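model the following, please.
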Amino acid sequence: MVKGRVCLTFDVEEFTSFDDYCENSKYSNSTFFSAEGVTKLLKLLDKYDVKATFFVTGYFAENEPAIVKKIYSSGHEIASHSYRDEDHSKFDYSQTFKAISKSKQILGRLTCDKVSGFRMPGFSVNSYLSDVLKELDFKYDSSVHPAIVPGHYYNLFEKKDIYLFDGLSEIPLSVMPFFRCPISFLWMRILGNRFTSFGADLNLIMGRPAVLYFHPWEFVKLPNIKGVPGYITYNCGDKFFRQLEKFILRFKGCKFSKLVDLIKI
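Presented below is the predicted three-dimensional model:
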């Protein structure tokens, strides 16, 4: 197995597809599933002494402050995922600044620490992002997904290595190097650990860290909800939880790192 750095990142957000369902069920709100997933993940990461980065929305933090404090006290990095899980691509400067600033303030109060990293929800970057992040004194961004997914992304020319952009460090998500196919999240659930492990190995061979992303709700058994596509919830729950554990064991010879540690190398 190739040695190197493996970075597990989790986008901790409200599950907006379940808003109406949660209002009329035993579930308190749309943060319920992510909160349950984080609780499971923290136990797994602690079991193997793995440190990770959690990109948290301000809305989630307001609704689940104890969970955010637990993530931080467990030694993981808390980074910003803006205020709500929504498309920012059409936001103007003022809207972008307000959403990110609000998130950073909420997370900073809960952790009593500086929030250095940011990831845009849905990778919906806009032309104001780098200026806003610099003004708010972020140190890195991880909103670039250099993938090709018909109907979603066509980032053929995005860089796959960590690079500086307008004074910020950009830490892209890992993809299959030659085909630019994503290797984490839904693709790991559908295509399995061998596919993701092979993609991670290729990135490590090329001298890059393997940067993967997931959502805590993926590790929870989700109810069937009208209007939510089946592929969104496919293989979620304990099955995917076991997949992640096997992945961690597969790469136990590597150093699992928080993203903020990559920019200090």
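
can you give me the offset of stretch 211-225 from its chain's centre?
Offset of stretch 211-225 from its chain centre (Cα atoms, centre = their mean, to the nearest Å): 11 Å.

tell me the buried residues in that stretch?
Neighbour-count burial for stretch 211-225, counted by 16 or more other Cβ atoms under 10 Å, picks out Val211, Leu212, Tyr213, Phe214, His215, Pro216, Trp217, Glu218, Phe219, Val220, Leu222. (C-beta placed from N, C-alpha, C; glycine too.)

swap in stretch 182-194?
For stretch 182-194, using 16+ other Cβ under 10 Å, the buried residues are Pro182, Ile183, Ser184, Phe185, Leu186, Trp187, Met188, Arg189.

strands of this structure, start to end?
Assigned by DSSP state E, the strands in the chain fall at 5-12, 53-56, 77-80, 117-118, 140-141, 148-149, 153-154, 163-165, 168-170, 210-214, 255-256.

does anything pack onto the longest one? Which helices or strands?
It refers to strand 5-12. helix 32-47, strand 53-56, helix 193-205, strand 210-214, strand 255-256, helix 259-262 (3 or more Cβ pairs under 8 Å, 6 or more residues apart in numbering; DSSP states H and E).

which of the ones you listed sits closest to Asp92?
strand 53-56 (22.7 Å; Cβ to Cβ).

just checking: what are the partner strands of that closest one?
Sheet pairing for strand 53-56, assigned by DSSP bridges, gives strand 5-12 (parallel), strand 77-80 (parallel).

low-confidence ranges in the chain?
For the chain, applying pLDDT under 70 flags the ranges 1-2, 16-29, 265.

the same query, at a cut-off of 80, please.
Residues of the chain meeting the criterion pLDDT under 80: 1-3, 15-29, 151-153, 223-229, 264-265.

hey, C-alpha coordinates of the longest helix anywhere in it in PDB?
With secondary structure taken from DSSP state H, the chain has its longest helix at helix 93-111. C-alpha atoms of helix 93-111 as PDB (Å, rounded to 0.1, in the frame of the first residue of the first chain):
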ATOM      1  CA  TYR A  93     -21.200  39.700  -2.800                       C
ATOM      2  CA  SER A  94     -23.400  40.900   0.100                       C
ATOM      3  CA  GLN A  95     -25.300  37.600   0.300                       C
ATOM      4  CA  THR A  96     -22.100  35.600   0.100                       C
ATOM      5  CA  PHE A  97     -20.400  37.600   2.800                       C
ATOM      6  CA  LYS A  98     -23.400  37.500   5.100                       C
ATOM      7  CA  ALA A  99     -23.900  33.800   4.900                       C
ATOM      8  CA  ILE A 100     -20.200  32.900   5.400                       C
ATOM      9  CA  SER A 101     -19.600  35.500   8.000                       C
ATOM     10  CA  LYS A 102     -22.600  34.300  10.000                       C
ATOM     11  CA  SER A 103     -21.400  30.700   9.900                       C
ATOM     12  CA  LYS A 104     -17.900  31.600  11.000                       C
ATOM     13  CA  GLN A 105     -19.200  33.600  13.900                       C
ATOM     14  CA  ILE A 106     -21.400  30.800  15.100                       C
ATOM     15  CA  LEU A 107     -18.800  28.200  14.800                       C
ATOM     16  CA  GLY A 108     -16.100  30.400  16.500                       C
ATOM     17  CA  ARG A 109     -18.400  31.000  19.500                       C
ATOM     18  CA  LEU A 110     -19.000  27.300  20.000                       C
ATOM     19  CA  THR A 111     -15.400  26.200  19.700                       C
END
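
list the buried ones in that helix?
In helix 93-111, the ones that count as buried by 16+ other Cβ under 10 Å are Thr96, Phe97, Ala99, Ile100, Ser101, Lys102, Ser103, Lys104, Ile106, Leu107, Leu110, Thr111.

Val50: neighbour count?
Counted with other Cβ atoms under 10 Å, the neighbours of Val50 add up to 19.

same question, Glu14
Using other Cβ under 10 Å, Glu14 is surrounded by 24 other residues.

please name the nearest non-neighbouring residue to it.
Ser30 (4.1 Å; Cβ to Cβ, 6 or more residues apart in numbering).

any idea how far that neighbour is from Trp217?
Distance of Ser30 to Trp217, given as Cβ to Cβ, to the nearest Å: 10 Å.
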